[in-house]
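> no FASTA, just this:
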């Protein structure tokens, strides 16, 4: 094996290692986001269940919650996104393990509607 082939092998081995690590990191981030969104939905539903005038109160709560979360954490917490998180929890509230339900790199189970895709 000449020096060029050894160098190519070195680059290939390091590239494979980096690509594998990136994939694992992306999957872990995906899992964390999925769990976080499900728990945000759970918290919203539990909070709503304590309210007496659910419909009006719930919409107002999501609107205000959206403002506060967007101010503190940036994009991603619009009222509609919070509604999706709530619907996500309601669709899968009895699941013990969310990660087995969804395929990797598919962070949001709603494809254009509120029907879960499994």
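Done, it's in. This structure is a prediction, so every number in the text was calculated from the model and none was measured.
> For the rest of this, base every contact and every neighbour count on C-alpha atoms.
Noted.
> other SSEs contacting the lowest-mean-pLDDT helix or strand in the chain?
In the chain, no helix or strand scores lower on mean pLDDT, DSSP states H and E than helix 54-73, which sits at a mean of 83. On a contact count with 3 or more Cα pairs under 8 Å, 6 or more residues apart in numbering; DSSP states H and E, helix 54-73 meets helix 3-50, helix 79-91.
> and it, which residues are buried?
Buried residues in helix 54-73, counted by 16 or more other Cα atoms under 10 Å: 58, 61, 62, 63, 65, 66.
> so it versus helix 79-91, what angle?
Here helix 54-73 runs at an angle of 120 degrees relative to helix 79-91 (axes from the mean of the first three to the mean of the last three Cα atoms, to 10 degrees).
> tilt between helix 54-73 and helix 3-50?
Going by the same axes, to 10 degrees, helix 54-73 makes 140 degrees with helix 3-50.
> so how far is helix 54-73 from its chain's centroid?
19 Å (Cα atoms, centre = their mean, to the nearest Å).
> what does it contact?
Helix 54-73 has contacts (Cα atoms under 8 Å, 6 or more residues apart in numbering) with 48, 51, 76, 77, 78, 79, 82, 83.
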